[in-house]
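S.K.: I need the structure of the sequence given here:
(2 chains)
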Amino acid sequence: MTSSNLHMYVMASPLVAALIVNLLGRFSRRSIPWLVIGSLVVALGGALAVLAAVIDHGPLRYTVGNWTPPYGIELVVDHLSGMMLVLITLVALIASFSSLKSVEQELPGEEHFFFTLYLILIAGLCGLVMTGDAFNLYVLLEITSITSYGLIAMGRGRAPLSSFNYIIMGSIGACFYLLGVGYMYILTGTLNMADIARILPNLNAPVATATALGFLMVGLWIKMAFFPLHGWLPNAYSHAPTGAGTMAAPLMTKVTVYLMVRIILSMYTPEHIYASAAVKSGIVWAAAVAIICGSILAFGQKDLRRMLTYIIVAEVGYMVGGIFLGNANGLTGAILHIINDALMTLCLFLVVAAIIYRQGTVALVSLQGLFYRMPLTMAAFTIGAFAMIGVPPTCGFFSKWYLILGGVEAGHWEFVIALVVSSLINAVLFFRIIELAYFGALVDGEHHEHAASERHEASFWLLKPLMVTAVLLIVVGLGTGVLIDNLISLVIPAGF
Amino acid sequence: MTPSISIWPLLAILISLCGAIPILLSNRQPNLRESWTILIALLKLMIVASLLPGVLYGEGYIFTIAEVLPGVPIELRVDALGILFALVASFLWLFTSIYSIGYMRALNEHAQTRYFASFAVAISSTLGIAFAGNLLTMYLFYEMLSLSTYPLVTHEQNAEARASGRKYLTYILGTSIGLALPAMLITYATAGTLDFTAGGILTGKASPELLALLLVLFLFGFAKAGLIPFHGWLPAAMVAPTPVSSFLHGVAVVKAGVFSIFRVVFHILGPETLQSANLNVVITTVASITLLVASLIALTQDSMKRRLAYSTVGQLSYMVLGAGMISAVGRLGGVMHLAMHAFGKITLFFCAGAIYVASKKKYISQMDGLGRRMPITFLAFFLGSLSIIGMPPLGGFISKWNLVIGTVDGGQYVLLIVLLVSSLLNAAYFLPIVYRAFFADAPAGEETGWKEAPLFCLVPLCLTALGSMLLFFFHDTLLNLAQMAVGIAP
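M.R.: Numbering: from 1, shown residues only, chains lettered A, B, ... in the order given. As a prediction, this is how the structure comes out:
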């Protein structure tokens, strides 16, 4: 294994494992955990090695099958994609522990199908963050989407319907994106991002390039559930099998946000993107509306998992807004928030998985007195909640810090207010649950400790990843300075 | 004058944070658990005290925990103002721990392990606020304090506790996220730093309008200081067990709010900068209104703890008022009142708790003649109230005297009147309690004879009452620290 194609192994490991899981898993259930976790450990190790190589030697470029660009497909790993690779493999690995247990309970006998799709999805996500080719990006986007349609449809009840809804919306998004790529190809005659970036500034076709950009962006916004294009997400993630939601909810939207950053930074130049002040501030306004609406919608939910899905919608607004603020702080905040939000969402979805594993439901009423039954799970929930609210030193605080700072700098006060209000709403949302879980059912206004049932924590498979994630939220928060100095600041182009 | 790098401030904070773990683990052995609490409290006090000489020699200590944001690390820095607050808090925590044992056991409270563990986290956060080297670090510990005290406020876990808990978080978290956080970000965007610097970091960088905005956001953002209209959480929080009320709502939490305001006024906005923009009037006006209104409301309260709570709201504003004074002597008085009031108020709360433990009485109207059954408690109560009123020979006199001198010095005669009226009101709501307890006839059919609270309750309250008196005679160290904090050469 030479370092030049190391990143291929990151993608290949889950892909190959997917095949083996499908074949071997039919005959031996016990091989599935080994295969899934083993392949993800390899992937994470590879991702870390790639990131280290990128930090030491600068971005890696790799031409697949030795077909040279602009015709062949090029994989590019720079600091940003290296970081995303680590994030994806790490989140997938942590989530897989919990998913294995949940799937065993919810979909007995179907584990090999589930984890085939699961691993292909992860391989697709890894590919997405590495590709340097706009069309290849479309292909990988569809691979991840189609596998997640399948995963979601494996759930019970309304899951197939939600998945169908997602297919429709996802396909529309894909069409938009493809149209954008088509325009690009007509304009530049190439699909390689670096090539496009080279040709675009010399083209004198502002309307056409703007149209292409518009199609690309709208396509991605549908895929990332940017309000008001979010309709598919809450149903899809709340009806999906628990094990699918645990991995997909933290990663899918965040990777799509990454793609948006990638297109903006690698295909276009900041001058292009932020050329029209009206459009730019329009998008920030839309993001502010998305944040507020997402938070308010979350408030109306009676089920913890549905509530979290709406919070994801609000968080997407954070990141889109941060990117379109058009200054270094905003962009830094958005990129940092990709990491932080992935971890926070992971933490909270792991909590959901643990609770569902024990009591089958996360309806808010069923959470009464949960601090007594599942104290460790609820402790992790509390940390996750603090991160979502943005209490230092959890990581959620620091990305919000940069986003607000970016808003102040750009004079977008509506965005600043939206962020602060969303923090407040999150505080109410989460304390409502903490209060329920802490007080339990009050009989005649009095608390009866013995009325609460015995302690009944989730199994270690669910609990351990949860604890690790909760600690990560604080470690990443304290490590914000390191992350920004060594990775994120190198990504921000000089034009900012 | 350069501060030396030292890990001791961090240890002072961590010791009780880590101490929560053995406390949780010795859940089933109450005696062992309480031994941990006392041991940690002692060690903590020793560490804080060991930092004192360095500060008095003008050195100070510094420790960087993590470089989180450019130019704004999470950093501890021990200076005069910080060590003063830390000393008061860790000293009184020791007494509160002892008192808690007596109180919680006498009432056979549930979930005592959670109680002692949360308490340990809360005192850690308090010291974090005291030793914070910049605004971000202070904000971090401020939030930690808010959150760790929630289980203490709602300890009873009944409907009333739930409602109070909601109110508590709404006021405290709502203002800190909604007002203080944006103010901190605007400060950072304007000044490029958040380090506490004598004289402020915004001089010449902010317009008077921006300064005014920041001042208002900060004043109300730190709602723990209980300035009207954000004072409502404090009376509501009285639903907590009395040791919580006495320590957190007499000393740590509320003083953390005032301390934060001190920090912002002295080291972020800068007193001179505020005065040149004529903005200190904002502080004194808000504080005066709170001072008078709270004292008037206190007069009407029959519940002992609620009366004490409103008295606290009023007394906190003395300190804030000091921060807004033109004369440095006035600010000195404000800083000293932080310590003096702490001793006085904790004594009063301890007494209220002791009365409840011994006789289950919560309302002042029920306490006629009770002083003859609990003479020691009521004597301590008398001393505590004299200190709050500001009578010699008790500590409260020193701080109030400095405040009065400050008003004359700065020519702010309106404030002088406010102070005098308020002191009269203080006397009016405290002294009748003592009078009725000793001289009014007990209701017919009630037992007579000596019945004090358990020794674990009684001893701490005697000691704090005595401390309140000793502070009148031996206040040199305190005065030195306060002088250094406000920048007067001793």
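
S.K.: okay, and B:F382 sits in which element?
M.R.: Assessed by DSSP states H and E, B:F382 sits inside helix B:375-389.

S.K.: just how off-centre is that helix within its chain?
M.R.: 19 Å (C-alpha atoms, centre = their mean, to the nearest Å).

S.K.: and the next element down the chain from it?
M.R.: Defined by DSSP H and E, the subsequent element after helix B:375-389 is helix B:395-410.

S.K.: buried stuff in that following helix?
M.R.: B:395-400, B:402-407, B:410 (16 or more other C-beta atoms under 10 Å in any protein chain shown). Every C-beta, even on glycine, is put in place using the N, C-alpha and C of the backbone.

S.K.: out of the residues you listed, who's nearest A:S13?
M.R.: Checking these against A:S13 by C-beta to C-beta gives B:S399 as the nearest, at 68.6 Å.

S.K.: my read: the closest one touches B:F343, true?
M.R.: No. The criterion here is C-beta atoms under 8 Å, and B:S399 misses it with B:F343 at 10.7 Å.

S.K.: confirm that A:R61 sits in a strand.
M.R.: Yes. The assignment for A:R61 by DSSP: H, G, I helix; E, B strand; the rest coil puts it in a strand.

S.K.: so for the helix holding B:F382, mean pLDDT?
M.R.: The average pLDDT for helix B:375-389 rounds to 91.

S.K.: and the buried residues of helix B:395-410 as a markdown table, adding pLDDT and distance to B:A106?
M.R.: Compiled in a markdown table, the buried residues of helix B:395-410 are given as follows (pLDDT from 0 to 100; distance: C-beta to C-beta, whole Å):
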| residue | pLDDT | distance to B:A106 |
| --- | --- | --- |
| B:G395 | 87 | 29 |
| B:G396 | 89 | 29 |
| B:F397 | 91 | 34 |
| B:I398 | 90 | 35 |
| B:S399 | 90 | 33 |
| B:K400 | 91 | 35 |
| B:N402 | 90 | 39 |
| B:L403 | 91 | 38 |
| B:V404 | 91 | 41 |
| B:I405 | 91 | 44 |
| B:G406 | 90 | 43 |
| B:T407 | 90 | 44 |
| B:G410 | 85 | 48 |
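
S.K.: adding distance to A:G150, write these out as a markdown table.
M.R.: Output for those, formatted as a markdown table (distance: C-beta to C-beta, whole Å):
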| residue | distance to A:G150 |
| --- | --- |
| B:G395 | 73 |
| B:G396 | 73 |
| B:F397 | 78 |
| B:I398 | 76 |
| B:S399 | 71 |
| B:K400 | 75 |
| B:N402 | 75 |
| B:L403 | 73 |
| B:V404 | 78 |
| B:I405 | 79 |
| B:G406 | 74 |
| B:T407 | 76 |
| B:G410 | 75 |
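
S.K.: make a markdown table out of those and add distance to chain A.
M.R.: As requested, these are arranged in a markdown table below (distance: C-beta to the nearest C-beta, whole Å):
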| residue | distance to chain A |
| --- | --- |
| B:G395 | 35 |
| B:G396 | 36 |
| B:F397 | 40 |
| B:I398 | 37 |
| B:S399 | 33 |
| B:K400 | 37 |
| B:N402 | 35 |
| B:L403 | 34 |
| B:V404 | 40 |
| B:I405 | 40 |
| B:G406 | 35 |
| B:T407 | 37 |
| B:G410 | 35 |
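
S.K.: near chain B, which residues of chain A are found?
M.R.: Residues of chain A lying near chain B by C-beta under 8 Å from any C-beta of the partner chain: A:386, A:389-393, A:398, A:401, A:404-405, A:408-409, A:416, A:420, A:423-424, A:427, A:431, A:435, A:438-440, A:442, A:445-447, A:449, A:477-482, A:484.

S.K.: point out the residues in chain B that sit beside chain A.
M.R.: B:65-70, B:73-74, B:110-111, B:136, B:139-140, B:143-144, B:147, B:151, B:154, B:156-160, B:162, B:165-166, B:169, B:173-174, B:177-178, B:181-182, B:185-186, B:188-189.

S.K.: helices - which of those residues land there?
M.R.: Counting by DSSP state H, the residues of chain B next to chain A place B:136, B:139-140, B:143-144, B:147, B:151, B:159-160, B:162, B:165-166, B:169, B:173-174, B:181-182, B:185-186, B:188-189 in helices.

S.K.: just the buried ones out of those residues, please.
M.R.: Neighbour counting by 16+ other C-beta under 10 Å classes B:136, B:139-140, B:143-144, B:147, B:151, B:162, B:165-166, B:169, B:173-174, B:181-182, B:185-186, B:188 among these as buried.

S.K.: worst-scoring helix or strand of chain A, pLDDT-wise?
M.R.: Lowest by mean pLDDT, DSSP states H and E among the helices and strands of chain A is strand A:446-447, with a mean of 58.

S.K.: alright, that wraps it up for me.
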